[in-house]
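Chemist: sequence plus predicted model, see below.
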Amino acid sequence: MASSLTCAGIVWAFLSFLCAAASCVGFFMPYWLLGSQLEKSVSFGTFRRCSYPVRDESRQMTVMVEQCGRYASFQAIPSAEWRICTVVTGLGCGLLLLVALTALMGCCVSELISRTVGRVAGGIQFLGG
């Protein structure tokens, strides 16, 4: 397998992949904010939440659902700012993953990444970050 990348380019490709993977895992994990509510441990992120309160109409009280899951719909995300954060973070993770996978393919395919493509990929990484 021939590569068009220099040693620095190969290091960039692997670091890009590690950073993109860490960003995606951080986006999907619900452990951004930790706390307690109704004497239960709760946590949530932009995309998922764990141990959240729900109104039980049959008993006319609030109960804690002790499981992790994502929001039922995009509108169920608590605020407009939180929705914007979800979209922006998701797009950033997608861009980082796109560049990282392209860079890893550049390690295996010759003449895939030129100097111009590398600069454009760096710009896309900057936007993703």
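Modeler: Looks like it came in fine.
Chemist: state the number of residues packed around Ile84.
Modeler: A total of 12 residues lie near Ile84 under the criterion other Cβ atoms under 10 Å. C-betas here are computed from N, CA, C, even on glycine.
Chemist: which of the helices or strands spans it?
Modeler: Here Ile84 is covered by helix 80-108, with elements defined by DSSP states H and E.
Chemist: now the helices: where do they sit in the chain?
Modeler: For the chain, the helices defined by DSSP state H occupy 7-28, 80-108, 115-128.
Chemist: turn these into TSV, columns for mean pLDDT and distance to Thr46.
Modeler: TSV is the format used below for those (pLDDT from 0 to 100; distance: least, Cβ to Cβ, whole Å):
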stretch	mean pLDDT	distance to Thr46
helix 7-28	88	7
helix 80-108	89	4
helix 115-128	82	16
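Chemist: got those as a markdown table, with distance to Cys68 columns?
Modeler: Listed next are those as a markdown table, based on distance: least, Cβ to Cβ, whole Å:
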| stretch | distance to Cys68 |
| --- | --- |
| helix 7-28 | 11 |
| helix 80-108 | 16 |
| helix 115-128 | 26 |
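Chemist: returning to what we had before: elements contacting the helix holding Ile84?
Modeler: With contacts taken as 3 or more Cβ pairs under 8 Å, 6 or more residues apart in numbering; DSSP states H and E, helix 80-108 sits against helix 7-28, helix 115-128.
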